[in-house]
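Chemist: From the sequence below, what's the structure:
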Amino acid sequence: MTVLWLLAFTALLYGLARWHRGSASLSRVVLVGLVLGLAYGWLLATVHSDAKLALDWINIVGNGYVSLLKMIAMPLVFISILAAVAKVERASMIGTISFLVIAVLLATTAIAALDGAIIANLFGLDASSLVAGDAEIARGQSMLARQGEVANLTIPSLLQSFIPNNITATFAGLSDTAMISAVLIASLIGIAALQVKKRDAEQGARIVAAIDTLQHWVMALVRLVIALTPYGVAALMVKVMVVTDATAIWQLAKFLLASYVALAIMLGVHALILLLAGRSPLEFFRKAWPVLTFAFTSRSSAATIPLNIDAQIRSLKVAPTIANFSASFGATIGQNGCAGVYPAMLAMMIAPTMGIDPWSISFIASVVAVSVIASFGVAGVGGGATFAAIIVLSTLGLPIELAGLLISIEPLIDMMRTAVNVNGAMTAGVVTQQVLGRQVTQQPEAVEGQSA
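Modeler: Residues are numbered from 1 along each chain as shown. Sure, this is the predicted structure:
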């Protein structure tokens with residue numbers, strides 16, 4: 001029986017491939033792959049008695065695609081930023097771009113935390129009404145154990161962790177801040193190339209030519225992997241349908257609904273910011289849709305970086321320098337969903353168990369302020385939303401272990417959280433481009449190929 005299901009899935013992938021090789025655009029094939037993956041996954045979970053066995057094989061496609069995206073993220077970010085910096089007229093522009101991107105990310109995270117706090121209160125979320133089972137208790141104990149990993153986290157130590165001391169270790173991704181370190185390395189090497197160009201134009205031209213060649217090579221690799229998006233998304237959606245526990249979702253449906261409402265509001269906030277910046281929100285979401293779809297299914301901001309950069313440059317006409325900075329920083333700093341909405345909602349939900357009025361203006365202000373700080377601090381550790389929650393709850397003196405009550409619906413919330421994180425990063429890139437305008441220009445040679 002399992003063999004027949006796998007043959008059916010293979011036929012599904014083959015059909016998508018045939019359609020894509022015809023006249024269908026990649027974004028359209030991705031959307032159809034998502035729908036077919038959902039339908040296939042529902043049938044597999046409903047009909048097949050051992051769906052997990054078939055899923056083990058299907059995961060090779062889904063998890064394999066995510067792994068390939070993570071593999072190309074580091075070389076893509078490094079070479080793209082290196083090429084962009086080596087071609088800017090003023091090195092000071094790098095600092096301006098970084099400041100604007102981070103400012104937008106942190107500002108939207110503050111709004112996201114306030115959004116999460118208000119929605120949690122409006123829905124009347126209260127952790128004291130939840131009953132913990134074995135899995136929830138185990139999750140709570142795990143979070144308590146991990147509290148020590150962030151106990152000594154300070155802003156100075158975090159900033160110091162960004163500074164690389166070993167290029168090889170950075171490219172191997174051995175630290176949680178490796179991506180930001182790679183951005184710093186690429187920027188420094190690019191600035192060094194600018195210095196060479198000033199002293200010796202001929203040598204500088206050779207360096208730029210070599211960077212261009214390497215960039216075209218890396219972009220060819222990126223296009224190969226991005227072309228696999230429909231098949232990866234289809235497999236990931238099968239996994240979602242098979243592993244989702246419908247009973248647990250129903251029990252915690254109120255928190256799930258509140259989370260999606262708060263996260264949807266943040267997408268509306270992003271749209272308003274884009275409108276104020278002079279860009280069409282409808283056009284933005286239409287072009288960002290394939291990227292958000294993958295972010296939703298993969299639950300990985302880091303894995304979405306290549307798609308994020310590609311869409312910003314090719315579809316949204318953001319300069320490569322800005323696109324790479326916003327995608328890289330947005331995957332680690334100021335995550336609107338994981339570090340803004342989620343920990344704020346948890347704080348509001350847990351506050352009544354400690355006798356704290358969740359509508360208290362001072363308490364809400366504290367939650368927003370700590371969430372913004374935590375959104376920067378999460379870059380120094382792995383774990384995303386979990387560590388953001390630990391930092392916020394422990395700083396506010398709230399019991400961390402109660403967050404374990406949400407373990408059963410965590411994957412579904414994380415899907416939307418990740419999409420909001422990525423959308424926030426793309427918004428930061430577009431807004432920065434609008435602010436700087438022609439000071440940072442589009443470089444067509446950096447973005448050849450087919451966009452997702």
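
Chemist: hmm, which helix or strand of the chain has the shakiest average pLDDT?
Modeler: helix 134-151 (a mean of 52; mean pLDDT, DSSP states H and E).

Chemist: Span of stretch 272-282 from start to end?
Modeler: In stretch 272-282, first residue to last residue: 11 Å (C-alpha to C-alpha, to the nearest Å).

Chemist: ok now it, how far from the chain's centre?
Modeler: 21 Å (C-alpha atoms, centre = their mean, to the nearest Å).

Chemist: And for stretch 260-279?
Modeler: What separates the centre of stretch 260-279 from the centre of its chain is 17 Å, taken as C-alpha atoms, centre = their mean.

Chemist: So G232 sits against V61, correct?
Modeler: Yes: at 6.5 Å, G232 counts as touching V61 under the criterion of C-beta atoms under 8 Å. From N, CA and C alone the C-beta is placed, and that goes for glycine too.

Chemist: the more surrounded of those two?
Modeler: A count of neighbours by other C-beta atoms under 10 Å puts G232 above the other of G232 and V61, at 27 against 20.

Chemist: which residues does the more buried one contact?
Modeler: 61-62, 64-66, 294, 298 (C-beta atoms under 8 Å, 6 or more residues apart in numbering).

Chemist: Name only those of those that count as buried.
Modeler: With burial judged by 16 or more other C-beta atoms under 10 Å, the buried subset of the contacts of G232 is 61-62, 65-66, 294, 298.

Chemist: Which ones among the contacts of G232 map onto helices?
Modeler: Among the contacts of G232, the ones falling in helices (DSSP state H) are 61-62, 64-66, 294, 298.

Chemist: pLDDT of the helix or strand hosting L393, averaged?
Modeler: Of the helices and strands defined by DSSP states H and E, L393 is found in helix 385-395. Here helix 385-395 scores 78 as its mean pLDDT.

Chemist: Please apply the same query to stretch 356-368.
Modeler: 92.

Chemist: repeat for stretch 290-302
Modeler: Here the average pLDDT along stretch 290-302 is 85.

Chemist: on that earlier part again, which pair in the buried ones among the contacts of G232 spans the largest distance?
Modeler: Using C-beta to C-beta, the pair of the buried ones among the contacts of G232 lying farthest apart is V61 and F294, separated by 13.7 Å.

Chemist: what packs against the very next helix or strand once past the helix holding L393?
Modeler: Per DSSP H and E, the first helix or strand lying C-terminal to helix 385-395 is helix 410-436. Where contact means 3 or more C-beta pairs under 8 Å, 6 or more residues apart in numbering; DSSP states H and E, helix 410-436 is packed against helix 92-122, helix 229-243, helix 253-276, helix 281-298, helix 305-314, helix 320-330.

Chemist: So which of the ones you listed is nearest V35?
Modeler: helix 229-243 (8.2 Å).

Chemist: Return the set of buried residues in that closest one.
Modeler: Across helix 229-243, burial judged by 16+ other C-beta under 10 Å covers 229-242.

Chemist: For the spatially most central residue of the chain, which three-state class applies?
Modeler: Closest to where the C-alpha atoms of the chain average out (C-alpha atoms, centre = their mean) is S301, at 2.2 Å. Of the three states, S301 takes coil according to DSSP: H, G, I helix; E, B strand; the rest coil.

Chemist: and the end-to-end length of stretch 271-287?
Modeler: Across stretch 271-287, first to last residue, C-alpha to C-alpha, it's 13 Å.

Chemist: Go through it and flag the buried ones.
Modeler: So for stretch 271-287, counting by 16+ other C-beta under 10 Å, buried means 271, 273-274, 279, 281, 284-285, 287.

Chemist: go on, stretch 308-319?
Modeler: Neighbour counts over stretch 308-319 (16+ other C-beta under 10 Å) mark 308-316, 318-319 as buried.

Chemist: that older thread, out of the helices and strands packed on helix 410-436, which gets nearest to H48?
Modeler: Across these, H48 has its closest neighbour in helix 229-243 (9.0 Å, C-beta to C-beta).

Chemist: what mean pLDDT does the closest one have?
Modeler: Computed over helix 229-243, the mean pLDDT rounds to 85.

Chemist: angle of it against helix 410-436?
Modeler: Relative orientation of helix 229-243 versus helix 410-436 (axes from the mean of the first three to the mean of the last three C-alpha atoms, to 10 degrees): 150 degrees.

Chemist: Could you tell me how far helix 229-243 lies from the centre of the chain?
Modeler: What separates the centre of helix 229-243 from the centre of its chain is 18 Å, taken as C-alpha atoms, centre = their mean.

Chemist: circling back to that earlier point, by pLDDT, rank the ones in helices among the contacts of G232 and give me the bottom one.
Modeler: Across the set of the ones in helices among the contacts of G232, S298 stands lowest in pLDDT, at 81.

Chemist: right, and that residue touches L68 too?
Modeler: No: under the criterion of C-beta under 8 Å, S298 is not in contact with L68, lying 11.4 Å apart.

Chemist: Could you give the number of residues near V196?
Modeler: 17.

Chemist: Now do the contacts for A419.
Modeler: 263, 292, 295-296, 337 are the contacts of A419 under C-beta under 8 Å, 6+ apart.

Chemist: so where's this structure uncertain?
Modeler: The model of the chain has pLDDT under 70 over residues 24, 88-91, 129-159, 174-177, 244-251, 377-384, 401-408, 438-452.

Chemist: Give me the contacts around stretch 308-316.
Modeler: Here stretch 308-316 makes contact (C-beta under 8 Å, 6+ apart) with 76-77, 80, 222, 226, 284, 287-288, 290-291, 318-320, 322-324, 326-327, 330, 422, 425-426, 429-430, 433, 442, 446-447, 449, 451-452.

Chemist: that older thread, of the buried residues of stretch 308-319, which is the nearest to D200?
Modeler: A319 (26.6 Å).

Chemist: So that closest one versus I390, what's the distance?
Modeler: 36 Å (C-beta to C-beta, to the nearest Å).

Chemist: and what of G334?
Modeler: For G334 relative to I390 (C-beta to C-beta), the value is 18 Å.

Chemist: How about F329?
Modeler: Look at F329 and I390: by C-beta to C-beta, they are 22 Å apart.

Chemist: Show me which of those two is the more surrounded one.
Modeler: I390 (26 against 23).

Chemist: didn't that one look like it was pressed against I400?
Modeler: Yes: using C-beta under 8 Å as the test, I390 is close enough to I400 to be in contact (5.8 Å).

Chemist: Let me see the backbone angles for T170.
Modeler: phi -60, psi -50 (degrees, to the nearest 10).

Chemist: May I have the residues that are in contact with it?
Modeler: 164, 178, 181-182, 185.

Chemist: what would these look like in a markdown table with secondary structure, neighbour count and distance to G22?
Modeler: Output for these, formatted as a markdown table (DSSP: H, G, I helix; E, B strand; the rest coil; neighbours: other C-beta atoms under 10 Å; distance: C-beta to C-beta, whole Å):
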| residue | secondary structure | neighbour count | distance to G22 |
| --- | --- | --- | --- |
| P164 | coil | 20 | 46 |
| A178 | helix | 20 | 40 |
| S181 | helix | 21 | 43 |
| A182 | helix | 23 | 38 |
| I185 | helix | 18 | 42 |
